[in-house]
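Q: Below is the sequence, then the predicted model.
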4 protein chains.
Amino acid sequence: MVAFEHRLRVRFQHTDPAGIVFFANILVYCHEAFEEFMRAGGIPLESLIGKREQVLPIGHAEATFKRPFRAGQLVKVNVSVGRLGDRSFRLVYDLFGENDEHLATAATVHVSVDPATGRSTGIAPQLRALLEKHASPQ
Amino acid sequence: MVAFEHRLRVRFQHTDPAGIVFFANILVYCHEAFEEFMRAGGIPLESLIGKREQVLPIGHAEATFKRPFRAGQLVKVNVSVGRLGDRSFRLVYDLFGENDEHLATAATVHVSVDPATGRSTGIAPQLRALLEKHASPQ
Amino acid sequence: MVAFEHRLRVRFQHTDPAGIVFFANILVYCHEAFEEFMRAGGIPLESLIGKREQVLPIGHAEATFKRPFRAGQLVKVNVSVGRLGDRSFRLVYDLFGENDEHLATAATVHVSVDPATGRSTGIAPQLRALLEKHASPQ
Amino acid sequence: MVAFEHRLRVRFQHTDPAGIVFFANILVYCHEAFEEFMRAGGIPLESLIGKREQVLPIGHAEATFKRPFRAGQLVKVNVSVGRLGDRSFRLVYDLFGENDEHLATAATVHVSVDPATGRSTGIAPQLRALLEKHASPQ
């Protein structure tokens, strides 16, 4: 299993008057890492919208925030696949600061949906292969 | 127990190219309901930042999305208190659409922190009284 | 000429570490007022996307910020029509605080575009009637 | 004059149901480029908040959108200094797509403010030197 790694910088406007990143923005960072995970795997999200074969709405999300994220800080997001089912999968995110402090952990559960019917459908082979490559051996 | 109720409208820019609200924005809606809950209880969040007695960072958040939220839709958010500890509390959110369909459920865990020391501290009496008023009897 | 009026509250997460609203969010407030202007006039934006007759992308925007917008503050946005052309129109926004202080002024220029061709097209009659009703007599 | 260059990618959640970037997000991109301009010049914005010597609120912003920004697209933002006054300065942004198509042009006017008094103040020497280095010779 190789976790996918994405790096980003905390923007000024992501932080609130308490000087720390507003919690929902940390889930935005996770989604940004998910986008790059998909792009690096040859399946950019915008291609899914274009082809209309399969969309991947999020059915569940959760996050635990251990330390504050501050403006200007560099963040490393590791993405791995926590569970891979027939029609859904769970991505796990670990977010680290500059000295490798563990800032947060999060997860999103994505359902494979056929946009024509709005119903869940089997994960397409190309996506399944990508997810298997990053599945954690738990 | 009386759940606090907040109503809002899904904005055009909250929705993504798939025509549904981006998942992290639903947690923004929950926070908006939390802000109004605090304001209605006489403790607006901006007063906490001003007085610097106590801040309420979110240590954990989770959400389950049952149905898509669409642009222009009216949403009702019910807020109740799921757990009330010495130094932290859990808020539970239920989000409903126009025909009372259950769109999503979510929760945030807030820690009472002394901004001078950065350490957790007992929930202040006025806030505790407000939270007890909305605690669910579970 | 009757300006359309929309009221909103500055959210905690709209403000930055300096304690004031991030400038681009004030244009978001203007767009929110535009959405309500369209909805009140019987042409909600989401219906334009649905029908695919005409979309109204913004070709130009500008804003002058006179006073800071602070967390928790109530804001009144007045919308009027500054210029009404064949294929485009200019909306003017004036934003006021609780004591009627003038916080900001802004404008957006919308082009009527046929989504099938991507080209500009004449403003549809129902929208033109709505815009004429709110045109300033300049 | 050397324009400062910043590159970014259009995120899925920046786009709206029409499939193009919501206009206010393009000003967010400009601000992101401004943040990197300041960081590269040795004056990261978060240091200004920390030191409380000088803050740089935006008094005016404007943008003209020539072509749509689409999800997944790479964008290059060139930042230059359009006007450098005693207490304020104007930054000019040109945004380009992957084949160097000109997508948008924008500008922000920043006022140098003493956070202790809330009044405008002379631009500090280190910032003035940085701005002069990128001033366009108009």
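A: Perfect, thanks for sending it.
Q: alpha carbons only for contacts and neighbour counts from here, please
A: Fine.
Q: Would you point out which residue of chain A is nearest chain C?
A: Residue nearest to chain C within chain A: A:Pro17 (4.4 Å; CA to the nearest CA).
Q: which residues does that residue contact?
A: A:Pro17 makes contact with B:49, C:12-13, C:15-20, according to CA atoms under 8 Å, 6 or more residues apart in numbering or on different chains.
Q: Assign it to helix, strand or coil.
A: coil (DSSP: H, G, I helix; E, B strand; the rest coil).
Q: Give the closest residue to it in space, chain neighbours not counted.
A: C:Pro17 (4.4 Å; CA to CA, 6 or more residues apart in numbering or on different chains).
Q: Give me the contact list for stretch A:118-133.
A: A:1-2, A:41, A:43, A:54, A:81, A:84, A:86-88, A:111-114.
Q: So which bits of it are buried?
A: Residues of stretch A:118-133 classed as buried by neighbour count (16 or more other CA atoms under 10 Å in any protein chain shown): A:120-121, A:123, A:130-131, A:133.
Q: Among the residues you listed, which one sits closest to D:Gln73?
A: Nearest to D:Gln73, judged by CA to CA, of the buried residues of stretch A:118-133 is A:Leu130 at 22.1 Å.
Q: roughly how far apart are the closest one and chain B?
A: Applying CA to the nearest CA, to the nearest Å, the value for A:Leu130 to chain B is 22 Å.
Q: try A:Gln13
A: 15 Å.
Q: now swap in A:Val111 and tell me
A: 11 Å.
Q: now do A:Arg90
A: Counting by CA to the nearest CA - A:Arg90 and chain B are separated by 13 Å.
Q: Got the confidence number for that residue?
A: In this model, A:Arg90 is scored at 98, pLDDT.
Q: name the element the closest residue to it other than its chain neighbours belongs to?
A: Leaving aside its chain neighbours, A:Arg90 sits nearest to A:Val109 (4.3 Å; criterion: CA to CA, 6+ apart). Using DSSP states H and E, the element containing A:Val109 is strand A:102-111.
Q: Pull the distance from that strand to the chain's centre.
A: Computed by CA atoms, centre = their mean, to the nearest Å, the chain-centroid distance of strand A:102-111 equals 7 Å.
Q: Check which helices and strands that strand sits against.
A: strand A:58-65, strand A:88-96 (3 or more CA pairs under 8 Å, 6 or more residues apart in numbering or on different chains; DSSP states H and E).
Q: so which of these is the most packed in?
A: Highest mean neighbour count among the helices and strands packed on strand A:102-111 (mean count of other CA atoms under 10 Å in any protein chain shown): strand A:88-96, with a mean of 22.
Q: Now render the helices and strands packed on strand A:102-111 as JSON lines, adding distance to B:Glu32.
A: Formatted as JSON lines, the helices and strands packed on strand A:102-111 follow (distance: least, CA to CA, whole Å):
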{"stretch": "strand A:58-65", "distance to B:Glu32": "18"}
{"stretch": "strand A:88-96", "distance to B:Glu32": "25"}
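Q: Regarding chain A, what is its longest helix?
A: If you go by DSSP state H, chain A has its longest helix at helix A:23-40.
Q: and it, is it in reach of chain D?
A: Yes. Using CA under 8 Å from any CA of the partner chain, helix A:23-40 comes into contact with chain D via A:32, A:35.
Q: Residues contacting the helix or strand just after that helix, please?
A: Sequence-wise, the next helix or strand downstream of helix A:23-40 (DSSP H and E) is helix A:45-51. Helix A:45-51 has contacts (CA under 8 Å, 6+ apart) with A:35, A:38-39, A:54-55, B:17-18, D:12, D:71-72.
Q: Of those, keep whichever come out buried.
A: Among those, those classed as buried by 16+ other CA under 10 Å are A:35, A:38, A:54-55, B:17-18, D:12, D:71-72.
Q: in a strand, that's where A:His6 is, yeah?
A: Yes. Using three-state DSSP, the assignment for A:His6 is a strand.
Q: what about the closest residue in space to it that isn't next to it in sequence, helix or strand, and which?
A: Excluding the flanking residues, the one nearest A:His6 by CA to CA, 6+ apart is A:Val77, at 5.1 Å. A:Val77 belongs to strand A:74-84 when assigned by DSSP H and E.
Q: For that strand, name the packing helices and strands.
A: Counting contacts by 3+ CA pairs under 8 Å, 6+ apart, strand A:74-84 packs against strand A:4-9, helix A:23-40, strand A:88-96, helix A:125-133.
Q: where does A:Ile49 land on pLDDT?
A: A:Ile49 is given a pLDDT of 71.
Q: ok so, going back, can you name the element that comes right after the strand holding A:Val109?
A: Next along from strand A:102-111, by DSSP H and E: strand A:113-114.
Q: Least confident secondary structure element in chain A?
A: helix A:45-51 (a mean of 76; mean pLDDT, DSSP states H and E).
Q: May I see the buried residues of it?
A: In helix A:45-51, the ones that count as buried by 16+ other CA under 10 Å are A:45-47, A:49.
Q: Between those residues, which sits nearest C:Val28?
A: Using CA to CA, A:Glu46 comes nearest to C:Val28 of these, at 24.1 Å.
Q: Look up how far B:Phe96 lies from the closest one.
A: 29 Å (CA to CA, to the nearest Å).
Q: Which single one of the contacts of stretch A:118-133 is nearest to chain D?
A: Comparing the contacts of stretch A:118-133 against chain D with CA to the nearest CA places A:Ile43 closest, at 11.3 Å.
Q: got the contact list for the closest one?
A: A:Leu127.
Q: what sits against the most centrally placed residue in chain A?
A: By CA atoms, centre = their mean, chain A has its centre lying nearest to A:Phe34, at 3.5 Å. Counting by CA under 8 Å, 6+ apart, A:Phe34 touches A:Val79.
Q: With A:Arg7 instead?
A: A:Arg7 touches A:74-77, counting by CA under 8 Å, 6+ apart.
Q: Which strand residues bridge it?
A: Here A:Arg7 sits in beta bridges with A:Lys76, going by DSSP bridges.
Q: Check it and give its pLDDT.
A: pLDDT for A:Arg7: 97.
Q: Okay, the residue of chain A closest to chain C and B:His110: tell me how far apart.
A: 17 Å.
Q: Locate the residue of chain A with the greatest distance from its centre.
A: The C-alpha centroid of chain A is most remote from A:Pro17, which lies 26.5 Å away (CA atoms, centre = their mean).
Q: Distance check, it against B:Leu45.
A: Distance from A:Pro17 to B:Leu45, by CA to CA: 10 Å.
Q: just A:Asp114 next, same as before
A: Counting by CA to CA - A:Asp114 and B:Leu45 are separated by 42 Å.
Q: Redo the helices and strands packed on strand A:74-84 as a markdown table? Include distance to D:Leu103.
A: Supplementary listing: the helices and strands packed on strand A:74-84 in a markdown table, determined by distance: least, CA to CA, whole Å:
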| stretch | distance to D:Leu103 |
| --- | --- |
| strand A:4-9 | 24 |
| helix A:23-40 | 23 |
| strand A:88-96 | 33 |
| helix A:125-133 | 32 |
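Q: mind listing what A:Glu32 touches?
A: Counting by CA under 8 Å, 6+ apart, A:Glu32 touches D:Arg11.
Q: How confident was the prediction at it?
A: pLDDT, A:Glu32: 97.
Q: for A:Ala18, same thing?
A: Looking at A:Ala18, the pLDDT reads 69.
Q: which one is A:Gly59 nearest to, not counting chain neighbours?
A: B:Phe65 (4.9 Å).
Q: Do I have it right that the one you found meets B:Glu101?
A: No. Here B:Phe65 lies out of contact with B:Glu101, judged by CA atoms under 8 Å, at a distance of 12.0 Å.
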